[in-house]
Every structure is written in structure tokens, then in C-alpha cells.
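>>> Give me a 3D structure for the following:
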Amino acid sequence: MLEAKDLTKKYEDGMLALDKLNFKVEPGEIFCMFGANGAGKTTAINLFLTFIPPTEGTALIEGIDVTKEPLKSKDYVSFVSENVVLYDNFSAFQNINYFSKLAGKRNLTKNDYAQVFKRVGLQEEAFDMRTKNYSKGMRQKLGIAIAIIKDVPNIILDEPTSGLDPRSGQEFLKLVLELRDQGKSVFISTHDIFRAKFFADRVGFMLKGKLIMMKTSKELEGEDLNQLYIDYMHEQDEAQAGSEVA
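Predicted coordinates:
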């Protein structure tokens, strides 16, 4: 389970990047967070992963306060960034072997790695290829494979479909649903409203550091999620601008 309690981040220059964010992602649930660049989505992820400290509030992973016990909390979460960082002179096998052992998975075989590569749709000829020759989509698939093989209860994904072609995007959608059905908590920061509406159990809209709306998939039945996002963001932005003028 992932949980944010009044999570707040204010930088030294006075910018309020995150303003009392509250949400919970239960086991077996996919939560998608939408928002324009700068809305606070990546800041929230960075706080969960202890890349930056919170100003106020708490981020919890499996009930563990990530600020107080950062190493322990990382045992229960996997992360895939929009720009996957790999060792470019390593092959896919070498990368996943290194990161798996770093996560404490020391009994996995080359066949285990090959199976997860196939599961994420990485083509077989890329298994032994140096990743410096990978396309962005191939890097994304390998990053997802590394996250999956860690086999933890929580997965955080930042723009996971970035660089994926339509077929790969469809494969990713199927994979995320499988992870949910295995009881994983899945948090996704994304602009990909089209795909998200097919698998999100809940969605949230972020604007200027605030979570301004949250709805379940049942509440969204019959709604055009893309239009709802556009309309809601416009209304909230106008309301905030009006209050600032007043």
C-alpha cells in the first residue's frame, strides 16, 4: 500500500510544489495521476522515493515512513522513470542481473530474465545487445522488466508509456492489469488519458501542487475522461486565478 498524508513540499525560493497531498493506493488497485508539467506529480514520486525530503506530511510504503526508514521502505517498492537509467555498455541480461542482485534477488537464472523480457515484449535479439543501442521504447520495456522481477507489493511508474508504439502500449496495458490482479498497488503518473481510462481503478487530477479531483472508475462510467480533464482543469485554473486577483 502507498499512502500520502498531508504531503507538502516547499522549496527555498518559496515555490509550493506540493500542497497537503492526500491519497492511498490499496493492494490490487491502479491509481493514475494526471496533471500538466509542473503540477506536482513527479515531486510526489520523488518524495516517496526519498530523492527529496518533505517540508511537511508523510509518505508511507506498506505503513513505513519513508523519511524515517528510507532503506527499509525501498524493499517494498519498484520504480520506473520516464527516462530509464541503464548501464549502456551492459546488455539487457547484464543490466537486469545487476539490478536484481542489488535488490537482493540472487537466485534468479538467465531463463528467469528471458521470461520477464518476453512478458514485457522485449524482442529476443535485444537480450544480448548493449543497451546504448536501444531505442527509448526498448529502454522503457527493460526498465519495466527490472521493476517486475524485483517482485514487490508496490510499483510506481512515471510516464511508463512514453516512447512505446501502439502495440507495445497495448502490451503494457495488459501487463499492468496482471500486476493489479496479483495484488500489487500500482501508482502511475501519466499524460496518457486514452490508455489510462481502460485500466485505472481511480484517477486524480493535480493542479499547481494540489489534488483537485479524485474519482473511481465506477464514478467515471459514461464520462469522456479526456474532456473531463480539460474542462475540470480549466474551471479550477480560472477559479484559482480569480481568487488570486481578489
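
>>> give me every residue that touches the residue positioned nearest the centre of the chain.
Among the residues of the chain, Leu157 comes closest to the average C-alpha position under Cα atoms, centre = their mean, at 1.9 Å. By Cβ atoms under 8 Å, 6 or more residues apart in numbering, the contact set of Leu157 is Phe79, Val80, Ile144, Ala147, Val186, Phe187, Ile188, Ser189, Thr190. Glycine gets a C-beta too; all of them are placed from N, C-alpha and C.

>>> how near is it to Phe48?
From Leu157 across to Phe48, the span is 12 Å (Cβ to Cβ, to the nearest Å).

>>> Now for those two: what residues contact both?
Looking at what touches both Leu157 and Phe48 (by Cβ under 8 Å, 6+ apart), the common residues are Phe187.

>>> secondary structure element for the residue nearest to the centre of the chain?
strand 154-158 (DSSP states H and E).

>>> so what pLDDT did the residue nearest to the centre of the chain get?
In the prediction, the pLDDT value recorded for Leu157 is 95.

>>> what's the next secondary structure element after the strand holding Leu157?
Following strand 154-158 in sequence order, the next helix or strand is helix 166-181 (DSSP H and E).

>>> In that next one, which residues are buried?
Of the residues in helix 166-181, those buried by neighbour count under the rule 16 or more other Cβ atoms under 10 Å are Ser168, Gly169, Glu171, Phe172, Leu173, Leu175, Val176, Leu179, Arg180.

>>> Next: stretch 78-92.
Counting neighbours by 16+ other Cβ under 10 Å, one finds that the buried residues in stretch 78-92 are Ser78, Phe79, Val80, Ser81, Glu82, Val84, Leu86, Phe90, Ser91, Ala92.

>>> neighbouring contacts of that stretch?
For stretch 78-92, the external contacting residues (Cβ under 8 Å, 6+ apart) are 45, 49, 94-95, 98, 113, 117, 122, 126-132, 134, 139-140, 142-148, 150, 152, 154-160, 162.

>>> Which members of those residues occur in helices, if any?
The helices in this structure, assigned by DSSP state H, contain 45, 94-95, 98, 113, 117, 139-140, 142-148 from the contacts of stretch 78-92.

>>> related to what we said a few turns ago, need the max-distance pair from the contacts of Leu157.
Of all pairs drawn from the contacts of Leu157, the one with the longest distance (Cβ to Cβ) is Ala147 and Thr190, at 15.4 Å.

>>> And stretch 123-139, how far out from the chain middle?
When C-alpha coordinates are averaged (Cα atoms, centre = their mean, to the nearest Å), stretch 123-139 and its chain have centres 22 Å apart.

>>> same thing with stretch 37-50?
Per Cα atoms, centre = their mean, the displacement of stretch 37-50 from the mean C-alpha position of its chain is 10 Å.

>>> Show me this protein divided up by domain.
Residue ranges for each domain of the chain read 2-76+153-245, 84-151, as given by automatic domain parsing.

>>> Run the chain-centre distance for the first one.
So that's domain 2-76+153-245. Domain 2-76+153-245 has its C-alpha centroid displaced from the chain centroid by 7 Å (Cα atoms, centre = their mean).
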